[in-house]
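In: sequence plus the predicted model coming up.
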Amino acid sequence: MNAWGLSAEGSARAQDLSALSDHQRAVLRCLARGLADHEIARVLAVSQRQVGAVVDEILRTLNLRDRMAAVVFAHETGLIRLPVPVSNGRCSADGGSAAF
């Protein structure tokens, strides 16, 4: 059991991360930082509808039930590490910051 106490598979979950495209990981990273779809769309310069579609793809690919499970997954696999920095409305595909 890990710090969140939710995943039984541990390292197998980290391997699942490689099943995601760079764009999907960028969306997941933003989602895990607490951004809403319209905020993710603005940060990544895509439509809000596209963000929703990508979130659906992430959930299907990782066999996750909902967005909260995706956020937990992101934290458990190290895509996002606690403590989360103060949100400045920025996130990027490489884990750094990108301006709007």
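Out: Happy to help now that I have it.

In: in which helix or strand would I find residue 70?
Out: helix 67-76 (DSSP states H and E).

In: which SSE is residue 61 in?
Out: helix 48-62.

In: which residues touch that helix?
Out: 16, 19-20, 23-24, 27-28, 31, 37-38, 40-41, 44, 64-67, 69-70, 73 (Cβ atoms under 8 Å, 6 or more residues apart in numbering). Where you see a C-beta, it was placed from the backbone N, CA and C, and this is true even at glycine.

In: burial check on residue 16, number of neighbours?
Out: Applying other Cβ atoms under 10 Å, we find 15 residues neighbouring residue 16.

In: where's the nearest residue to it once chain neighbours are set aside relative to residue 45, distance?
Out: For residue 16, ignoring the flanking residues on the chain, the nearest one in space by Cβ to Cβ, 6 or more residues apart in numbering is residue 62 at 5.4 Å. Look at residue 62 and residue 45: by Cβ to Cβ, to the nearest Å, they are 24 Å apart.

In: the two: who's more crowded?
Out: For residue 62 and residue 45, the more surrounded residue by other Cβ under 10 Å is residue 62, and the numbers stand at 20 against 8.

In: how far away is the more buried one from residue 47?
Out: 23 Å.

In: so what's residue 46 up against?
Out: So residue 46 contacts residue 40 (Cβ under 8 Å, 6+ apart).

In: which phi and psi values does it adopt?
Out: phi -130, psi 170 (degrees, to the nearest 10).

In: residue 23 now?
Out: Backbone torsions for residue 23, taken as degrees, to the nearest 10, come to phi -70, psi -40.

In: that older thread, and the helix holding residue 70, what does it pack onto?
Out: Judged by 3 or more Cβ pairs under 8 Å, 6 or more residues apart in numbering; DSSP states H and E, helix 67-76 is in contact with helix 11-17, helix 22-32, helix 48-62.

In: if you set the cut-off to 6 Å instead, what comes out?
Out: Applying 3 or more Cβ pairs under 6 Å, 6 or more residues apart in numbering; DSSP states H and E, one finds that helix 67-76 contacts helix 22-32.
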